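> sequence and computational prediction follow.
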Amino acid sequence: MFELLGVPPQVLFGQLLLGLINGSFYALLSLGLAVIFGMLNVINFAHGALYMIGAFVAWFLLNKLGLGYWWALLLAPATVGLVGVIVEKTLLSRLYKLDHLYGLLLTFGLALIFEGAFRHQFGVSGQPYPIPDALKGGQNLGFMFLPNYRGWVVAASIVVCFGTWFAIERTRLGAYLRAATENPVLVQAFGINVPVMITLTYGFGVALAGLAGVLAAPIYQVSPLMGSNLIIVVFAVVVIGGMGSILGAIVTGLGLGLLEGLTKVFYPEASNIVVFVVMAIVLLIKPAGLFGRER
Amino acid sequence: MLKTLLCGTALLALTAGAAHAQVSNNVIKIGVMNDRSGIYADLAGEGSAIAARLAAEEFGNKVAGTPIEIVVADHQNKADIAANTARQWVDTENVDVVADVPNSAAALAVQGITKEKKRIFLMSGPGSTDLTGKACSPYGFHWTYDNYAMAAGTARALVEQGKKSWYFITADYAFGHSLEDETTKMVKQLDGKVAGSVRHPLGTSDFSSFLLQAQASKADVIGLANAGGDATNAVKQAAEFGITQSGQSLAGLLLFISDVHALGLQAAQGLMLTTGFYWDMDDQTRDWTKKFEAKAGRKPTMVQAGVYSAVRHYLKAVEAVGSDDPDKVAAKMRELPVNDMFAKNGKIAANGRMFHDMYLAQVKTTAESKAPWDYYKIVKTIPAEQAYLDPAKSGCSLVK
């Protein structure tokens, strides 16, 4: 049996697959951020908190209303999207004329408020959320045991990611959106309601975070801290991919998940900084990010 | 006229001084420092402050004629913040006692300061045995549990069941290293072996890759040398990856009842753990728990119960000495036995370790549990001398 740097190949394959699973979470979350930044020029710091709220909505639906996972998959993103629409209409829309920093500060403040409120209500240890019956169990792939649920997460997030990419880059609606960010006045002159389009874009972006929250609920504890644990890495992913680049967010998310998986095999202590090392290197060499363009 | 007034004032000041001559600053100030918002906030946090207040209330919030004041601070699991807070408390706010301080790195930092400044330090939250070993202090008291006791309880029970090879998933900081170390020693002492270990950063959410490495090691037991949210995530994901079904046992080397509550019995049932306290032991613990729950809205963890017991013992010593002089109080604390709802005939050794019985518990199955928080079956009582390291072997310079 051959070994690579002292690591048997089946362990390596297993880790790569796990990296892909984590990567699909990164991709889903950074996709929402990239959509929002690309279309609204807002750095949405509340993204992690909204991801957490998505998971809590799923928990609430199951424990208070008796609605299971599949309902949550639909209702939680809708609820989070609605929260997003309200936030955009009442707060964010007042800040577009100002510097980017104000949007960042507002969403950061919102994130702290959301997290604080949930922490006050539920404590930090979080709440359990079971894996849905249909996805229990797993497959023995020979080199590792793959829980069915994790397989489902990868499949679902890849479909959603590429669906979003297609909608924005290849459809007429997406073309309107892209045009509206380039020159909102002109697009409005063609009779398209730009403010509504922007509101819906923000709602959609945060709904993606809510969806990621539901997908994460059965794997991680549903806890008020789950968002802040992840959000910094996700920001790094967006910066590496290039702010606002949809494809960049997807590809970098998956790629960094793989890289992190490898780090966990060869030097586990560094697994939480490897993403930032890559970010520093990318910023030095290509400040706009791997897929971004200079503005 | 002015002369009389001055004389009167001076006289008043003198008598006021005489009444409390023995207590500095006319107040006994107890600072409860812990993680109030991060991963250890549920096992310590505000609950520890509530426990300290319950102890003070038992004395009518007054001891040796002096009011007791409880202050709190959040060290955010950072050793530097813990050290700065302790310094500020002692230097400018006249805090007499620092209590709790989960997170061994933070506790070690505070121990250095309380030792230098001669302040009593009542540790309930931290686990590192260094606190009563090479970093021991004449003013430091380690109350609720320590990593040796955890290893002695859980590791011994599992090795004696014939589960001899171990693999560790360890939190990469002082506490995790110490817990792994103590357990390794215990396993080897009982003719077991350690197949390997992997270290993860504090606050990891995805354990799958570490679990997979542990699974590949084919060890009998996967020891989780971590705590709080790290431990619960690892247990939950171990179930997902079918680790327990495939014959490997999972041992939470430091699990609190708050963790079991967060996991839910579905994921936690059957886990073996060692604990210094369980709320449903006897009438005394249940009575105290009722008072605690009325204020905290949940059952106490062993750390919170330990804060109560330690603060209560400190106040008893102050009462007996009639002073808050740290040297006298520390000597009195070592002299008095600890008898309360938390410990029966507890004794404090020269190195600051409070010797009390520990309990080996198994998490109940969903069928066995009758009510919320009805979580533990006490499998056996581990007598204090077996539960804790012999002070003579601790490496503490205070032990002669």
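On my side now, so go ahead.
> contacts for stretch A:202-211, please.
For stretch A:202-211, the external contacting residues (CB atoms under 8 Å, 6 or more residues apart in numbering or on different chains) are A:28-29, A:31-33, A:35-36, A:39-40, A:42, A:44, A:46-48, A:50-51, A:53-54, A:57, A:73, A:76-85, A:87-88, A:92, A:160, A:164. All C-beta spots, glycine's among them, are computed from the backbone N, C-alpha and C.
> list the buried residues in it.
A:Y202, A:G203, A:F204, A:G205, A:V206, A:A207, A:L208, A:A209, A:G210, A:L211 (16 or more other CB atoms under 10 Å in any protein chain shown).
> and if you look at stretch B:126-145?
B:126-133, B:135-145.
> could you tell me the end-to-end distance of that stretch?
With CA to CA, to the nearest Å applied, stretch B:126-145 spans 8 Å between its terminal residues.
> let me know the average pLDDT across it.
Stretch B:126-145 carries an average pLDDT of 95.
> then stretch B:26-39?
pLDDT averaged over stretch B:26-39 gives 92.
> next: stretch B:359-370.
For stretch B:359-370, the mean confidence score works out to 93.
> that stretch: end-to-end distance?
21 Å.
> residue contacts, A:P128?
If you count contacts by CB under 8 Å, 6+ apart, then A:P128 has A:Q221, A:V222, B:K236, B:A262, B:L263, B:G264, B:Q266, B:A267 around it.
> from the chain's centroid, how far away is stretch A:9-19?
23 Å (CA atoms, centre = their mean, to the nearest Å).
> ok, stretch A:43-56 next?
On CA atoms, centre = their mean, the centre of stretch A:43-56 falls 9 Å from the chain's centre.
> before we move on, the earlier item: out of the contacts of A:P128, which are inside helices?
B:K236, B:A262, B:L263, B:Q266, B:A267 (DSSP state H).
> about what we covered before: mind checking which of the buried residues of stretch A:202-211 are in helices?
Per DSSP H, the buried residues of stretch A:202-211 map to helices at A:Y202, A:G203, A:F204, A:G205, A:V206, A:A207, A:L208, A:A209, A:G210, A:L211.
> tell me the residues on the stretch 151-295 of chain A that lie near chain B, please.
A:219-221, A:223, A:225-226, A:229-230, A:261, A:264-265, A:268-269, A:271-272 (CB under 8 Å from any CB of the partner chain).
> and if we set it to 10 Å?
Neighbours of chain B within the stretch 151-295 of chain A, by CB under 10 Å from any CB of the partner chain: A:216, A:218-226, A:228-230, A:233, A:257, A:260-265, A:267-273.
> okay, now the unreliable bits of chain B?
B:1-22 (pLDDT under 70).
> so what are the domain limits for it?
Split into domains by automatic domain parsing, chain B comes to B:25-145+B:281-357, B:149-278+B:359-382.
> ends of the longest one, what's the gap?
Counting by CA to CA, the length from the leading to the trailing residue of domain B:25-145+B:281-357 is 37 Å.
> so which of the contacts of A:P128 wins on neighbours?
Using other CB atoms under 10 Å in any protein chain shown as the neighbour criterion, B:A262 leads the contacts of A:P128 with 29 neighbours.
> spit out the contact partners of that residue.
By CB atoms under 10 Å, 6 or more residues apart in numbering or on different chains, the residues touching B:A262 are A:122-128, A:221-223, B:42-43, B:228-229, B:231-233, B:235-236, B:256, B:268.
> in contact with B:W373, which residues?
B:I257, B:V260, B:H261, B:W279, B:D280, B:T289, B:E293, B:R298, B:K299.
> what about it, distance to A:A27?
Computed with CB to CB, to the nearest Å, the distance linking B:W373 and A:A27 is 40 Å.
> and for A:L135?
Counting by CB to CB, the gap from A:L135 to A:A27 is 20 Å.
> more neighbours: which of these two?
A:A27 (30 against 16).
> the host helix or strand of that one close to chain B?
A:A27 is part of helix A:9-40 when elements are defined by DSSP states H and E. Yes. Under the criterion of CB under 10 Å from any CB, helix A:9-40 makes contact with chain B via A:Q10, A:V11, A:G14, A:Q15, A:L16, A:L17, A:L18, A:G19, A:I21, A:N22, A:F25.
> among those, which ones are buried?
A:V11, A:G14, A:Q15, A:L16, A:L17, A:L18, A:G19, A:I21, A:N22, A:F25.
> what about the fifth one, distance to A:Q121?
Per CB to CB, A:L17 is found 36 Å from A:Q121.
> try the last one
When distance is defined by CB to CB, A:F25 is 25 Å away from A:Q121.
> the first one now?
Relative to A:Q121, A:V11 is positioned 41 Å away (criterion: CB to CB).
> can you put the residues of helix A:9-40 next to chain B in TSV and add pLDDT?
Shown next, in TSV, are the residues of helix A:9-40 next to chain B (pLDDT from 0 to 100):
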residue	pLDDT
A:Q10	70
A:V11	73
A:G14	80
A:Q15	83
A:L16	85
A:L17	84
A:L18	86
A:G19	89
A:I21	88
A:N22	88
A:F25	90
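> so which of those residues comes closest to B:G242?
Distances from B:G242 to the residues of helix A:9-40 next to chain B, taken as CB to CB, are shortest for A:G14 (13.3 Å).
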